[in-house]
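Asks: just need the structure, nothing else, for what follows:
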Amino acid sequence: MMKQLLAFSQKEILELIRSGRLLLFVILFIVFGIMNPALAKLTPWLLEQLATTLAESGIVVVDMPVDALTSWQQFYKNFPMALIIYTILSAGVLTNEYQHGTLINMVTKGLPRWKIILAKTVVLWGTWTLLYSIMFAITYAYNAYFWDNSIAADLWIAGVLVYLFGIFILTLVIWSSTLFKTSTAVMASVGALVIGMYGISVVPTWGTYLPTQLLTAQNLLTEVTPLHDYQFAIILTGILIPILLLGSIVIFNQKRI
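Replies: Below you'll find the model as predicted:
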């Protein structure tokens with residue numbers, strides 16, 4: 001039973017490597033990791049260069065203090081873009097298989113459909129874990145070298161919360177991929193659900209329950225928001241992930257491929 005799952009997972013990993021997508025992902029996330037402290041470090045210099053021009057327009061540039069918090073705030077600003085890029089490039093995780101008919105032979109040869117879903121999910125989650133760890137570690141290392149990371153409260157907890165949101169989004173991708181046959185439709189459905197959650201979060205008492213609340217985890221760094229304000233979002237996200245995964249298996253078992 002486990003041999004089939006491991007074999008299919010290895011196939012997915014090899015395909016990720018041979019296609020060059022893994023290398024592309026790693027390079028992109030290294031760039032994102034370096035970008036956070038680099039922008040923080042360069043901002044005062046850029047303002048200094050623009051000071052004269054801005055002064056002529058009546059804008060006075062004051063000295064801007066830069067520390068590890070500045071870099072971490074940049075990290076959380078860049079995080080959504082990094083997740084969006086990874087999600088878009090991973091949206092074809094099942095739809096590409098539909099279009100090329102590559103799953104038909106595997107299923108007819110006796111590979112259970114739930115193993116396909118589980119293997120796809122494990123590889124998607126595993127790759128995200130690797131990439132996110134690279135981006136976080138690079139930012140952490142540069143911040144430790146230039147400044148002092150201890151200035152940021154609950155740094156590791158905040159990092160885990162946005163990582164969890166990434167896992168939730170990728171599980172949504174798997175679930176949507178069992179409903180739709182094109183990556184465009186998958187991305188549209190995931191985007192619509194996230195926008196819907198943002199719409200609901202306009203009501204403050206509702207927003208604290210939704211997974212999108214996790215994206216405000218940077219507030220933990222400055223203790224603007226206490227950790228207990230995230231407990232309902234963590235619980236709901238933790239419940240939704242296995243439900244979506246189970247739903248994906250149920251739907252995929254009934255789907256014509």
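
Asks: what sits against residue 32?
Replies: 78, 81, 82, 135 (CB atoms under 8 Å, 6 or more residues apart in numbering). (Each C-beta comes from the backbone N, C-alpha and C, glycine too.)

Asks: just checking, the first one touches residue 36?
Replies: Yes - between residue 78 and residue 36 a contact is recorded at 6.2 Å, counting by CB atoms under 8 Å.

Asks: give me the more crowded residue out of the two.
Replies: residue 36 (26 against 18; other CB atoms under 10 Å).

Asks: and residue 43, how far from residue 13?
Replies: 39 Å (CB to CB, to the nearest Å).

Asks: and for residue 105, the neighbour number?
Replies: Quick note: residue 105 (other CB under 10 Å) scores 9 neighbours.

Asks: now do residue 173
Replies: Residues lying near residue 173 (other CB under 10 Å) number 27.

Asks: isn't it right up against residue 120?
Replies: No - counting by CB under 8 Å, residue 173 does not reach residue 120; the two are 9.5 Å apart.

Asks: need the residues touching each of the two.
Replies: Common neighbours of residue 173 and residue 120 (CB under 8 Å, 6+ apart) are residue 93.

Asks: so residue 142 sits right up against residue 34, yeah?
Replies: Yes - using CB under 8 Å, residue 142 is in contact with residue 34, at 7.1 Å.

Asks: of these two, who's got more company?
Replies: residue 142 (19 against 14).

Asks: helix, strand, or coil at the more buried one?
Replies: helix (DSSP: H, G, I helix; E, B strand; the rest coil).

Asks: what does residue 224 give?
Replies: coil.

Asks: quick one: pLDDT of it?
Replies: As predicted, residue 224 sits at a pLDDT of 88.

Asks: next: residue 109.
Replies: Residue 109 carries a pLDDT value of 81.

Asks: same question, residue 127
Replies: For residue 127, the predicted pLDDT is 97.

Asks: ok, it - contacts?
Replies: Taking CB under 8 Å, 6+ apart, we find residue 127 in contact with 16, 22, 25, 90.

Asks: so residue 22 touches residue 14, yeah?
Replies: No - with contact defined as CB under 8 Å, residue 22 does not reach residue 14; the gap is 9.9 Å.

Asks: who's more crowded, these two?
Replies: Neighbours were counted for residue 22 and for residue 14 using other CB under 10 Å; residue 22 has more, 17 against 11.

Asks: quick one: contacts for that one?
Replies: Contacts of residue 22 by CB under 8 Å, 6+ apart are 16, 127.

Asks: element containing it?
Replies: helix 21-56 (DSSP states H and E).

Asks: number of residues surrounding residue 84?
Replies: A count of neighbours around residue 84, defined by other CB under 10 Å, yields 14.

Asks: if I look at it, how far off is residue 78?
Replies: In terms of CB to CB, residue 84 sits 11 Å off from residue 78.

Asks: one more: residue 122?
Replies: 26 Å.

Asks: does residue 159 count as helix, strand or coil?
Replies: Under the three-state scheme (three-state DSSP), residue 159 adopts helix.

Asks: now it, nearest residue through space, not along the chain?
Replies: Of all residues not flanking residue 159 in the chain, residue 136 sits nearest, at 5.6 Å (CB to CB, 6 or more residues apart in numbering).

Asks: how about the one you found, what does it touch?
Replies: Applying CB under 8 Å, 6+ apart, the residues near residue 136 are 33, 75, 159.

Asks: and the strands in the stretch 101-250 of the chain?
Replies: Applying DSSP state E, counting those that start in this stretch to the stretch 101-250 of the chain gives no strands.

Asks: got any ranges where it has weak pLDDT?
Replies: The stretch 101-250 of the chain contains no residues with pLDDT under 70.

Asks: correct me, but residue 104 touches residue 116?
Replies: No - counting by CB under 8 Å, residue 104 sits too far from residue 116 to count as a contact (11.5 Å).

Asks: more neighbours: which of these two?
Replies: Using other CB under 10 Å as the criterion, residue 104 and residue 116 rank with residue 116 on top: 22 against 12.
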